[in-house]
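In: Predicted model follows, preceded by the sequence.
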Amino acid sequence: MWTISNDKSWEYMQQYDWVKDMYGVPQSTIHHAEGDVATHTQMVLAALENIEEYQKLPQQEREIVWTAALFHDVEKRSTTFTDE
């Protein structure tokens, strides 16, 4: 079975530069009042774990969905700009 990592902790994911780059990347306060991309992504992953339909998926499908959630905003680091 394919897996991105057996350790799904946010602390473990810090080894990847693209995860560290999520910190400080601003988001619209209208749609993401929780703060930067790192905070938002952590909240998405935590919420995902509480979705009953997610929990019922076969293990490989859960891995794919979890990884998609982890990556869903990864390139905001290179595409976000502040309009003065």
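Out: Noted; the coordinates are in hand. Source: prediction; values computed, not measured. Numbers count the residues shown, from 1 in each chain.
In: what's the spacing between Q55 and S5?
Out: According to CB to CB, to the nearest Å, Q55 stands 19 Å off from S5. C-betas here are computed from N, CA, C, even on glycine.
In: which residues are in contact with the one helix or strand T41 maps to?
Out: Element membership for T41 (DSSP states H and E) is helix 37-49. With contact meaning CB atoms under 8 Å, 6 or more residues apart in numbering, helix 37-49 is reached by 8, 10, 19, 22-25, 27, 32, 34, 54-55, 65-66, 69-70, 72-73, 76-77.
In: What's the first helix or strand after that helix?
Out: According to DSSP H and E, the helix or strand after helix 37-49 is helix 52-56.
In: And that following helix, what does it pack against?
Out: Under the contact criterion of 3 or more CB pairs under 8 Å, 6 or more residues apart in numbering; DSSP states H and E, helix 52-56 touches helix 59-71.
In: So which bits of the helix it packs on are buried?
Out: For helix 59-71, the neighbour count (16 or more other CB atoms under 10 Å) marks R62, E63, W66, A69, L70 as buried.
In: my guess is the last one contacts S9, does it?
Out: Looking back up the chat, that one is L70. No - using CB atoms under 8 Å, L70 is not in contact with S9, being 11.9 Å away.
In: Over stretch 5-16, what's the mean pLDDT, rounded is fine.
Out: Averaging pLDDT along stretch 5-16 yields 95.
In: Quick one: residues in contact with it.
Out: Residues outside stretch 5-16 that contact it (CB under 8 Å, 6+ apart): V19, K20, Q42, L45, W66, L70.
In: Do me a favour and get the end-to-end distance for it?
Out: 12 Å (CA to CA, to the nearest Å).
In: now it, how far from the centre of its chain.
Out: 11 Å (CA atoms, centre = their mean, to the nearest Å).
In: Stretch 8-22 now?
Out: Centre to centre, stretch against its chain (CA atoms, centre = their mean), the figure for stretch 8-22 is 10 Å.
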